[in-house]
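Engineer: Sequence first, predicted coordinates after that:
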Amino acid sequence: MADKDSPQEVAETFLRKLEDSPYVMIGLMDGQHSEPMSVKLDDAQPNTLFIFSAHDNRIAKGGEAMAQFVGKGHDFFACLAGRVSQETDQATFDRLWDNQVEAWFPNGKADARLNRFDITSAELWETDVSISGRLKMLFGGTINSAESSSHAKVGSVG
């Protein structure tokens, strides 16, 4: 790999970007389309994204899933593989519940289900092209790996 950053550095960047823009496209591997969902992180549970949904949401039945992430500035991309299941710990539910979540559920917590997406692997791209690389994109030329982005395949992001 001719990447600038170590896989762990790229994973740490992903977590910072996800906190800045906590939205992913997520879908089960059952043939249905993915949908945008807001995620929450819990420092005590690395490699897990938490997603509040309605009880009848398409991911609520759980199973193998894929999630995609694009950073706010289109400077970071992630593809995550894992498994969705229901989070049954009430303390985790209560800790992650906040006003932003409550706004989506007219009857409050009774309408909501907390899902966990346990990440089994991830592929991450940081697209911070150097100034010389940007000039080559504007005026023609080939971008070499030193002017390119960081890329990592990781088994954990936490």
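Structural biologist: Okay, I see it.
Engineer: helices or strands up against the lengthiest helix in the chain?
Structural biologist: Of all the elements of type helix in the chain, the one with the most residues (DSSP state H) is helix 7-20. Contacts defined by 3 or more CB pairs under 8 Å, 6 or more residues apart in numbering; DSSP states H and E place helix 7-20 against strand 63-70, strand 76-86, strand 112-126, strand 150-154. The C-beta positions use only the backbone N, C-alpha and C, and glycine is treated the same way.
Engineer: could I get the ones you listed as TSV with distance to M25, mean pLDDT and mean neighbour count?
Structural biologist: Shown next, in TSV, are these (distance: least, CB to CB, whole Å; pLDDT from 0 to 100; neighbours: other CB atoms under 10 Å):
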stretch	distance to M25	mean pLDDT	mean neighbour count
strand 63-70	5	97	17
strand 76-86	10	95	19
strand 112-126	12	93	19
strand 150-154	19	57	19
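Engineer: one step back: next SSE downstream of the longest helix of the chain?
Structural biologist: strand 23-28 (DSSP states H and E).
Engineer: Minimum distance to F50: which of the helices and strands packed on helix 7-20 has it?
Structural biologist: strand 112-126 (5.7 Å; CB to CB).
Engineer: ok now that closest one, how far from the chain's centre?
Structural biologist: 6 Å (CA atoms, centre = their mean, to the nearest Å).
Engineer: partners of that strand, with directions?
Structural biologist: With DSSP bridges as the test, strand 112-126 is paired with strand 48-54 (antiparallel), strand 76-86 (antiparallel), strand 150-154 (antiparallel).
Engineer: Which one, of those strands, ends up nearest to D98?
Structural biologist: Comparing the strands paired with strand 112-126 against D98 with CB to CB, the closest turns out to be strand 48-54 (9.8 Å).
Engineer: How far does the longest helix of the chain sit from its chain's centre?
Structural biologist: 10 Å.
Engineer: can you give me the angle that helix makes with strand 48-54?
Structural biologist: Note on geometry: by axes from the mean of the first three to the mean of the last three CA atoms, to 10 degrees, helix 7-20 and strand 48-54 are set 30 degrees apart in direction.
Engineer: buried stuff in helix 7-20?
Structural biologist: P7, V10, A11, T13, F14, K17, L18 (16 or more other CB atoms under 10 Å).
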